[in-house]
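Visitor: sequence? don't have it. structure:
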């Protein structure tokens with residue numbers, strides 16, 4: 001169902017389902033819930049094993065159940081949807097950036113854009129943000145180079 005193909009006899013999860021699953025897991029963890037707690041909070045509507053399969057990208061979720069799960073997590077469904085790749089294929093690993101020298105500056109910028117966009121549930125960088133983040137990081141690189 002959530003599998004897109006095989007590679008040498010091994011099932012390969014669909015990239016969309018894996019990406020969506022990571023976002024679902026992050027939303028659940030922001031609530032501070034375990035998989036079992038999701039099952040308890042929904043009176044069994046969402047079984048822990050099924051939610052776990054969604055989170056691992058092993059199982060596709062219907063639109064209806066996706067919207068319902070977003071409601072359970074108190075998140076706008078669109079915030080959980082994976083973002084399409086940029087035309088140039090550029091990807092910024094926010095976790096790697098956050099752990100690097102310029103991380104504090106970038107984290108503050110990300111917090112500001114989350115507040116402005118009123119979307120605290122996502123940590124997405126739009127094309128318009130890339131130039132600003134690039135400037136922040138190049139300033140850090142310049143400072144490091146001079147030290």
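Guide: Good, I have the coordinates. These numbers come from a predicted model, not from an experiment.
Visitor: residue boundaries of the helices in this protein?
Guide: Secondary structure of the chain by DSSP state H: the helices cover 15-31, 35-41, 48-56, 63-72, 77-80, 94-98, 103-117, 127-146.
Visitor: Flag the shaky bits of this structure, pLDDT-wise.
Guide: Applying pLDDT under 70 to the chain flags the ranges 1-13, 83-103, 105-106, 116-128, 130-147.
Visitor: What are the structural domain limits within it?
Guide: By the assignment in automatic domain parsing, the chain contains the domains 3-80, 94-146.
Visitor: Distance of residue 24 relative to residue 73?
Guide: When C-beta to C-beta, to the nearest Å is applied, the distance between residue 24 and residue 73 equals 8 Å. All C-beta spots, glycine's among them, are computed from the backbone N, C-alpha and C.
Visitor: quick one, which of those two is more surrounded?
Guide: When residue 24 and residue 73 are compared for neighbours, residue 24 comes out ahead with 25 against 22, by other C-beta atoms under 10 Å.
Visitor: and that one, what is it in contact with?
Guide: Residue 24 makes contact with 51, 54-55, 61, 69, 73, 80, according to C-beta atoms under 8 Å, 6 or more residues apart in numbering.
Visitor: By neighbour count, which of those residues wins?
Guide: Comparing these by number of neighbours (other C-beta under 10 Å), residue 51 comes first, having 25 neighbours.
Visitor: and that residue, what is it in contact with?
Guide: The contact partners of residue 51, by C-beta under 8 Å, 6+ apart, come to 24, 28, 35, 38-39, 69.
Visitor: ok, 10 Å please
Guide: The contact partners of residue 51, by C-beta atoms under 10 Å, 6 or more residues apart in numbering, come to 21, 24-25, 28, 33, 35-36, 38-39, 42, 59, 61, 65, 69, 72.
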